[in-house]
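S.K.: Got a sequence here, can you build the structure:
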Amino acid sequence: MKVTLETAPALSRRPSAGHDPGRRDDVVLRPAAIAMAFVGAGLAQEEIAVPGVALAADDVLVSIELSTICGSDLVTVQGLRPAEVPLVLGHESVGRIIALGSAGADAADGTPLRVGDRVVWSVAVSCGDCDRCRAGLTQKCRHLGEYGNERITSHRELAGGFASHAHLRRGTAIVRAPEHLPAAVLAPASCATATAWAAVEAGARGGDLHGARVRVHGAGLLGLSAAAIAHSRGAVVDVIDPDPARRALAVRFGAEANAPAEPDIVIEASGHAVKQAIDGVTVGGTVVLTETAPAAEPVPLETESLVRRLVTVIGVHGCTGHDLAAAVSFLAGPGRAHPFAEVVSPVHPLSALDRALAAASGPDAHLRVAVAMR
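M.R.: Next comes the predicted model:
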């Protein structure tokens with residue numbers, strides 16, 4: 001079946017009798033979708049036109065409203081992380097559904113998605129059937145796909161956020177996004193905010209955070225989000241960062257100006273303070289590691305101190321659909337008390353992505369740099 005989409009949504013359906021699970025629907029886009037292809041470190045991004053997509057039965061096509069540049073995008077562009085090129089970078093986005101495959105698709109909460117829904121989606125594409133997925137580690141699926149980190153192939157031309165459209169496939173956690181929240185607040189939810197939620201959950205270990213002492217190393221967006229989430233759950237929070245302006249900003253995200261002694265939970269969100277995080281946590285405390293700096297020096301592990309102090313060290317990398325849904329709920333609720341929109345730059349046009357990436361790498365860069373079609 002062939003469907004042409006111009007400016008208005010034209011395709012939305014649920015399964016019908018005799019549905020063929022192997023069927024693909026050709027969706028012609030007028031004007032063509034635009035994506036920026038990364039072809040290698042030190043090379044300019046190349047604009048490509050995608051005149052249509054072939055939607056599998058439970059695929060979703062989204063018109064991207066806004067994307068933001070994550071630190072991992074910069075690491076790839078700088079050649080510090082291996083990448084199979086060409087690929088479309090970007091994995092922090094918010095958009096609106098404009099087409100569904102013949103079987104339709106469900107949101108992470110199990111309700112049917114509709115054309116016109118505003119959504120955010122997971123970085124990970126998971127099979128749902130392997131041992132890791134069954135154990136709840138969907139972000140570490142044995143057959144993992146990742147938006148913004150996959151080589152362009154047939155039916156995978158729009159698999160990154162630095163594009164006008166995103167082609168979402170089965171195994172993607174899709175979460176409806178509130179209409180009242182700014183796109184600048186929602187776009188980072190799929191990475192920074194959801195990972196921050198996962199980090200706070202890991203530190204809480206199923207317990208109540210009311211009155212708990214939480215320390216966050218690093219006042220990037222992940223660290224500030226973790227501080228705001230922990231504060232919203234009743235914790236006393238402090239944030240350590242070498243930049244005084246970042247420390248002042250942390251207060252607006254719920255951090256105390258004076259650091260509490262011997263924190264119960266330490267979240268290392270800088271990639272540079274693992275030893276300080278472990279040395280600083282109280283007896284019986286929990287250290288959550290969320291970041292690794294490229295080419296970071298090895299950290300000596302004093303196992304005797306860990307054992308004697310009964311310290312638990314947990315690694316958090318990526319996030320699940322549950323984390324993403326919880327992050328969106330937080331942003332729509334208590335998160336509104338914090339200036340998430342202010343730490344995102346004015347929008348750069350997608351065609352100027354190289355300039356946007358350069359701006360994001362600058363010493364005085366916003367915590368997130370925004371890009372979108374104009």
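S.K.: switch to C-alpha atoms for all contacts and neighbour counts from now on
M.R.: Will do.
S.K.: Please list all residues in contact with the residue lying closest to residue 368 once chain neighbours are set aside.
M.R.: In space, and not counting its chain neighbours, residue 368 is closest to residue 344: 4.7 Å by CA to CA, 6 or more residues apart in numbering. Remark: with contacts taken as CA atoms under 8 Å, 6 or more residues apart in numbering, residue 344 is in contact with 184, 366, 367, 368, 369, 370.
S.K.: per-residue confidence averaged over stretch 166-181?
M.R.: The average pLDDT for stretch 166-181 rounds to 98.
S.K.: Now do the end-to-end distance for that stretch.
M.R.: 20 Å (CA to CA, to the nearest Å).
S.K.: do stretch 157-168 as well
M.R.: 11 Å.
S.K.: Run through who's touching it.
M.R.: Contacts for stretch 157-168 (CA under 8 Å, 6+ apart): 33-36, 50, 53, 59-65, 67, 87-93, 147-150, 152, 156, 350, 353, 371-373.
S.K.: now swap in stretch 90-97 and tell me
M.R.: Taking CA under 8 Å, 6+ apart as the rule, stretch 90-97 contacts 60-70, 73, 114-121, 123, 147-148, 160-162, 177, 183, 186-191.
S.K.: Next step: these restricted to helices.
M.R.: Among the contacts of stretch 90-97, the members found in helices (DSSP state H) are 73, 183, 186.
S.K.: Test my guess that the second one contacts residue 65.
M.R.: Meaning residue 183. Yes - counting by CA atoms under 8 Å, residue 183 touches residue 65, with 7.1 Å between them.
S.K.: Which one of the ones in helices among the contacts of stretch 90-97 sits in the busiest neighbourhood?
M.R.: The most crowded member of the ones in helices among the contacts of stretch 90-97 is residue 186, carrying 27 neighbours; neighbours defined as other CA atoms under 10 Å.
S.K.: who are the neighbours in contact with it?
M.R.: With CA under 8 Å, 6+ apart, residue 186 has these contacts: 93, 94, 120, 177, 328, 331.
S.K.: Output those in CSV, with neighbour count and distance to residue 238 appended to each entry.
M.R.: Shown next, in CSV, are those (neighbours: other CA atoms under 10 Å; distance: CA to CA, whole Å):
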residue, neighbour count, distance to residue 238
93, 32, 29
94, 30, 30
120, 27, 30
177, 25, 30
328, 24, 23
331, 23, 20
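S.K.: what two of those residues are the furthest from one another?
M.R.: Using CA to CA, the pair of the contacts of residue 186 lying farthest apart is 93 and 331, separated by 14.8 Å.
S.K.: Tell me if residue 354 really is in a helix.
M.R.: Yes - assignment of residue 354 by DSSP: H, G, I helix; E, B strand; the rest coil places it within a helix.
S.K.: Let me know the secondary structure of residue 143.
M.R.: Applying three-state DSSP: residue 143 is coil.
S.K.: so it touches residue 127, yeah?
M.R.: Yes - under the criterion of CA under 8 Å, residue 143 makes contact with residue 127 at 6.3 Å.
S.K.: out of those two, which sits in the more crowded spot?
M.R.: Each of residue 143 and residue 127 has its neighbours counted (other CA under 10 Å); residue 127 has more, 18 against 14.
S.K.: Could you say which helix or strand holds that one?
M.R.: Applying DSSP states H and E as the criterion places residue 127 outside every helix and strand.
S.K.: Can you tell me how far the closest residue to it other than its chain neighbours is from residue 321?
M.R.: Leaving aside its sequence neighbours, residue 127 sits nearest to residue 171 (CA to CA, 6+ apart; 5.7 Å). Distance, residue 171 to residue 321, by CA to CA: 10 Å.
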